[in-house]
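Chemist: model this:
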Amino acid sequence: MEITEDYVSFEVAKLLKEKGFYQDFFNEITPVWKLNGNKEELAFYGDDNYPCEWEEWYSAPTLHMACKWLRKEHNLYVSPTYRCFCGSKKNDKPYYKWEDRVLILPSGNQVHPQIYGIHEYYETYEGAIEAACLYVLKNLI
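Modeler: This next block holds a predicted model:
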């Protein structure tokens, strides 16, 4: 099984930049989304690739980095939940999907967070995180 890193989509990258996300480009190869005409391309900033030469570009952090930024900067926690549809049958077996959830933890000693959810279900954990990040960036910041 090949495991790859999952970067935010172009749409999320664009919203992150609008909301103040900044990723330092020094001393590493950094993924960025660039707009090449009307086509969105994931590229890697490095020795021979400079964002300043591109018409339009956006940092492309991993999903984990985007979630961490939302948590640290805005006190918003993206927390997908794994759900069993045990009463529903798909091929005569219970099946599972990911639900997107966003928690807003209150300041101080309060215990009960506000919970937001789009209440849609996704086949993958990454899909649920992407949807939750998009929801937060469009509606809560």
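
Chemist: pull out the buried residues from the longest helix along the chain.
Modeler: Longest helix of the chain, by residue count under DSSP state H: helix 125-139. Using 16 or more other CB atoms under 10 Å as the test for burial, helix 125-139 gives 127, 128, 129, 130, 131, 132, 133, 134, 135, 136, 137. Quick note: C-beta positions are derived from backbone N, CA and C, even for glycine.

Chemist: need the residues you listed in TSV with distance to residue 97, can you?
Modeler: Shown next, in TSV, are the buried residues of helix 125-139 (distance: CB to CB, whole Å):
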residue	distance to residue 97
127	9
128	8
129	14
130	15
131	12
132	14
133	18
134	18
135	17
136	20
137	23
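
Chemist: which one of the residues you listed sits closest to residue 78?
Modeler: residue 132 (4.4 Å; CB to CB).

Chemist: so who does the closest one touch?
Modeler: By CB atoms under 8 Å, 6 or more residues apart in numbering, the contact list for residue 132 reads 78, 79, 80, 100, 101, 102, 118.

Chemist: distance-wise, check it relative to residue 41.
Modeler: Distance, residue 132 to residue 41, using CB to CB, to the nearest Å: 25 Å.

Chemist: do residue 129 as well
Modeler: Distance from residue 129 to residue 41, by CB to CB: 22 Å.

Chemist: quick check on the nearest residue to residue 69 once chain neighbours are set aside: phi, psi?
Modeler: Nearest residue to residue 69 in three dimensions, chain neighbours excluded: residue 21, at 5.6 Å (CB to CB, 6 or more residues apart in numbering). Backbone geometry at residue 21, expressed as degrees, to the nearest 10, gives phi -70, psi 130.

Chemist: still on that earlier bit, CA atoms of the longest helix of the chain as PDB?
Modeler: Extracted C-alpha coordinates of helix 125-139, given in PDB (Å, rounded to 0.1, in the frame of the first residue of the first chain):
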ATOM      1  CA  TYR A 125     -11.400  10.600   6.200                       C
ATOM      2  CA  GLU A 126      -9.600  13.100   4.000                       C
ATOM      3  CA  GLY A 127     -12.800  14.000   2.200                       C
ATOM      4  CA  ALA A 128     -14.500  14.700   5.400                       C
ATOM      5  CA  ILE A 129     -11.600  16.900   6.600                       C
ATOM      6  CA  GLU A 130     -11.500  18.800   3.300                       C
ATOM      7  CA  ALA A 131     -15.300  19.500   3.500                       C
ATOM      8  CA  ALA A 132     -15.100  20.600   7.100                       C
ATOM      9  CA  CYS A 133     -12.200  23.000   6.400                       C
ATOM     10  CA  LEU A 134     -14.100  24.500   3.500                       C
ATOM     11  CA  TYR A 135     -17.200  25.000   5.700                       C
ATOM     12  CA  VAL A 136     -15.100  26.700   8.400                       C
ATOM     13  CA  LEU A 137     -13.400  29.000   5.900                       C
ATOM     14  CA  LYS A 138     -16.600  30.000   4.200                       C
ATOM     15  CA  ASN A 139     -18.900  30.300   7.300                       C
END
